[in-house]
Each structure stands twice: as structure tokens, then as C-alpha cells.
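J.: got a predicted model here, sequence first, then my questions.
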Amino acid sequence: MKPIIQGKQMDVGDALRTHVTEKIDETKSKYFNKIIEPSVTFSREGHGHGLYRCRISFRVGKNVHIVAEALEGEPYLAFNEANEKLGKQLRRYKNRLRDHNERQEAAVQVESLKVPDYTLAAHAEEETEDDASQGDPVVIADMTTEIETLTVSEAVMRMDLAGRDMFLFRNGGHGELNVVYRRPDGNIGWIDPSGQTAKIRPPKVVRG
């Protein structure tokens, strides 16, 4: 599948498109044959300071999202740096991703929860008087998201690959909702409201 390459407030020339396509093909052949919905987005940043942001994203398997971003003075540099970050992520988790996807494909039914997923307005000035009086945030998008059943180490991997600061999942050990999150000191936090964390030894998370 060819990547969708687009620019926000900028044009993406044929030479850059060719460069991006070739590099994504190299990544595909080196790590995974089945890359789903590859997308590369360029945008201008920095309010006139000549900076460019590149965001690379795609899926491996059913729900494994992989995202890498970089900000540089030129579009080529931004893409190359984001692509290098992506390669490091894939090298770190390649074997675990293959095992994870094989287990998902072999399973008759993957346990998951489908729950509402709301996007809230970021600024208070977007609220109406009625919303402010009720003390409720303004909902600007409403969709459904899937909460999967994973081990803690798998959840940390998924959070890292997606470039997120938090990941909600069902703990495969006892079925309760858990959260892993990235702490300011760079370590990973793990919240288990069930209280069963104290009964087991927390997993060792190896940082590459």
C-alpha cells in the first residue's frame, strides 16, 4: 500500500514524495510486509521561523498504531529524523510485535471493550453560557474506541509505539482496567485500581 503523503499549509513536491515513498518501502521490506494505512504529513510550524513538522503513522496488525514525529528546518530533514525514530522503535519491538500479532490472529475472539470516546473543546471561551453554568465541558466529537486486553508490558509497548503519554487497557491477568503512563522523570507509571498489583511482581520494562 502506497503512503498517503500530504502537506498542511505547504506543497509537497514530486521529489519529496518520491523520497518518502522509497524510504517507507524500505521500512516495509525490512520490518513488516503488512503495513496498513501508511500516512506522512508535513506542516509548517514556528510562526514564520521556517520550521517543518513531519508526522509518520501507520498500523501493524489490527490495532497496533505506530507514530513518529520530528521538527526540523527543512522537510527532508524532518522526514529523515522521524523515519529514524520510527526505525528505532520497530527494531526495539520487532519480535514482540510479531508474537503479539500472531496471538491475535490465532485467537478465536480477542477480548475488548468498546466504549464512548469524546473530544472536548480545548478553550474555555468556546463554551456557551449554558455549558458554563452546568460546569460541563463542550463535546466537539463523539466516537467509539476499543479497550483491549493486554499484558502490562504489551500496553507499555503500544503506548511507546504510538507516541502517547498514557494508555488505558484491560489487564490480561485479572480483567480489570489499568493505565500505564509516562512520568516526567522518563520512567513508566502503572495504575491498577484493583489493588492486585501488590500481589505480583511488577514487570521489568527495558528502555532502548
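T.: It's in. Numbers count the residues shown, from 1 in each chain.
J.: from Val152, how far out is the residue lying closest to Ile24 once chain neighbours are set aside?
T.: Once flanking residues are discounted, Ile24 sits nearest to Pro3: 4.9 Å by CB to CB, 6 or more residues apart in numbering. Quick note: C-beta positions are derived from backbone N, CA and C, even for glycine. As for Pro3, its distance to Val152 is 32 Å (criterion: CB to CB, to the nearest Å).
J.: again with Glu45
T.: Taken as CB to CB, the span from Glu45 to Val152 is 35 Å.
J.: of these two, which one has the most company?
T.: Val152 (21 against 16; other CB atoms under 10 Å).
J.: give me phi/psi at the more buried one?
T.: Main-chain dihedrals, Val152, degrees, to the nearest 10: phi -60, psi -40.
J.: any buried residues in the helix ranked longest in the chain, and which?
T.: Ranked by number of residues, the top helix in the chain under DSSP state H is helix 75-106. For helix 75-106, a neighbour-count test (16 or more other CB atoms under 10 Å) marks 75, 78-83, 85-87, 89-90, 92-93, 97, 100-101 as buried.
J.: mind checking which residue lies nearest the centre of the chain?
T.: Central residue of the chain (CA atoms, centre = their mean): Ala162, 1.9 Å from the mean position.
J.: what's near enough to touch that residue?
T.: Neighbouring residues of Ala162 by CB atoms under 8 Å, 6 or more residues apart in numbering: His65, Ile66, Val67.
J.: contact partners of the helix or strand where the last one lies?
T.: Val67 belongs to strand 64-72 when assigned by DSSP states H and E. Contacting residues not belonging to strand 64-72 are listed as 45, 51-60, 77-83, 85-86, 89-90, 97, 100-101, 158, 161-163 [CB under 8 Å, 6+ apart].
J.: which residues does the residue lying closest to Gly175 once chain neighbours are set aside bridge with?
T.: Distances taken as CB to CB, 6+ apart put Thr149 closest to Gly175, at 7.2 Å, once the chain neighbours are dropped. Each beta-bridge partner of Thr149 is listed here, defined by DSSP bridges: Arg170.
J.: isn't Thr149 up against Gly172?
T.: Yes - the pair Thr149 / Gly172 is scored as a contact, 5.2 Å apart, by CB atoms under 8 Å.
J.: and the gap between the residue nearest to the centre of the chain and Val12?
T.: With CB to CB as the criterion, Ala162 and Val12 are 24 Å apart.
J.: again with His65
T.: Distance from His65 to Val12, by CB to CB: 23 Å.
J.: over to Pro193?
T.: Separation of Pro193 from Val12 (CB to CB) stands at 46 Å.
J.: mind listing the helices for the chain?
T.: For the chain, the helices defined by DSSP H occupy 14-30, 75-106, 129-134, 152-161.
J.: tabulate those helices (TSV), appending mean pLDDT and distance to Glu176.
T.: Listed next are those as TSV, based on pLDDT from 0 to 100; distance: least, CB to CB, whole Å:
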stretch	mean pLDDT	distance to Glu176
helix 14-30	92	36
helix 75-106	84	21
helix 129-134	55	31
helix 152-161	92	12
